[in-house]
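*Asks:* Sequence and predicted structure below; questions after.
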Amino acid sequence: DTGVSQDPRHKITKRGQNVTFRCDPISEHNRLYWYRQTLGQGPEFLTYFQNEAQLEKSRLLSDRFSAERPKGSFSTLEIQRTEQGDSAMYLCASSLQDWDQPQHFGDGTRLSIL
Amino acid sequence: GESVGLHLPTLSVQEGDNSIINCAYSNSASDYFIWYKQESGKGPQFIIDIRSNMDKRQGQRVTVLLNKTVKHLSLQIAATQPGDSAVYFCADERVSNFGNEKLTFGTGTRLTIIP
């Protein structure tokens, strides 16, 4: 499978715990994006990387959220001290850095906070 | 603020008929538009895209139309099949000197194909 891979697919945790998600982009893609999607809504942008540099962060990304892409390949998204409102699908996408290159999405990590 | 929205939240179409899904956007600076299909439990799947200097683009059974005057985008699916049942999102992207940037999605239209 050469698409975007996300792990885990599902995560259930208690409020207050920390969670970490991983995304492996399509191998030749140097741009990587994180989005959050709640039920019945479209995905909302969180942050994106060009290689290892984090270029933009949404105001949705509170200080409890941190994303890294240390070697410009896979990325991790960590949520500290999870809250009920963090329950959502977390989607990762990747693309080439070029004009009119569509973002390709993984199947996401569904986070449920008890 | 900037938004990409849809006219109808749900659409039911008889199998074999054509379907049209509409979308309005508000940011006149948008350069690039994409339609995604999302099936239950999966991530958005790229269908077709169009750049702002075009008004029509065709793919396999799908056509995207862009009307910049009224900031309207539509997705036409020909000869619908049961596998077309899904939620469809339009999204816009602003292109900077550094390449494509973040997508702004609408809330989606749920398309149901009736056998």
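*Replies:* Here it is on my side, so go on. Residues are numbered from 1 along each chain as shown, chains lettered A, B, ... in the order given.
*Asks:* low-confidence ranges in the chain?
*Replies:* Going with chain A. Flagging of chain A using pLDDT under 70 yields the residue ranges A:1.
*Asks:* Oops, wrong one, chain B.
*Replies:* B:1-8, B:95-100.
*Asks:* Where does it get nearest to chain A, residue-wise?
*Replies:* Closest residue of chain B to chain A, C-beta to the nearest C-beta: residue B:105 (3.0 Å). For every residue, glycine as well, the C-beta is placed using N, CA and C.
*Asks:* separation between that residue and residue A:94?
*Replies:* Per C-beta to C-beta, to the nearest Å, residue B:105 is found 17 Å from residue A:94.
*Asks:* Ignoring the adjacent residues along the chain, who's closest to the residue in chain A that chain B sits nearest to?
*Replies:* Going by C-beta to the nearest C-beta, chain B is nearest to residue A:42 of chain A, at 3.0 Å. Of all residues beyond its chain neighbours, the one nearest residue A:42 is residue B:105 (3.0 Å), with distances taken as C-beta to C-beta, 6 or more residues apart in numbering or on different chains.
*Asks:* and what of residue A:35?
*Replies:* residue A:43 (3.8 Å).
*Asks:* Looks like the one you found contacts residue A:33 (just checking).
*Replies:* No: with contact defined as C-beta atoms under 8 Å, residue A:43 does not count as touching residue A:33 (9.3 Å).
*Asks:* Neighbours of the residue of chain A closest to chain B, how many?
*Replies:* A count of nearby residues for residue A:42, using other C-beta atoms under 10 Å in any protein chain shown, gives 23.
*Asks:* Got phi/psi on it?
*Replies:* The phi/psi pair for residue A:42 (degrees, to the nearest 10) reads phi -80, psi 160.
*Asks:* For the residue of chain A positioned farthest from its centre, pull up the helix or strand it's in.
*Replies:* Here chain A reaches farthest from its C-alpha mean at residue A:99, the gap being 22.4 Å by C-alpha atoms, centre = their mean. Residue A:99 is part of no helix or strand, with elements assigned from DSSP states H and E.
*Asks:* Next, the contact list for the closest residue to residue A:106 other than its chain neighbours, please.
*Replies:* Distance criterion C-beta to C-beta, 6+ apart; nearest residue to residue A:106, sequence neighbours excluded, is residue A:4 at 3.6 Å. By C-beta atoms under 8 Å, 6 or more residues apart in numbering or on different chains, the contact set of residue A:4 is A:23, A:24, A:25, A:26, A:92, A:93, A:94, A:104, A:105, A:106, B:43.
*Asks:* all strands for the chain, in order.
*Replies:* Went with chain A since none was named. A:5-7, A:10-13, A:19-24, A:31-37, A:44-50, A:53-57, A:65-68, A:75-79, A:88-95, A:104-105, A:109-113 (DSSP state E).
*Asks:* right idea, wrong chain: chain B
*Replies:* According to DSSP E, the strands that chain B contains are B:4-6, B:10-14, B:19-25, B:32-38, B:45-51, B:56-58, B:62-67, B:72-77, B:86-96, B:99-105, B:109-114.
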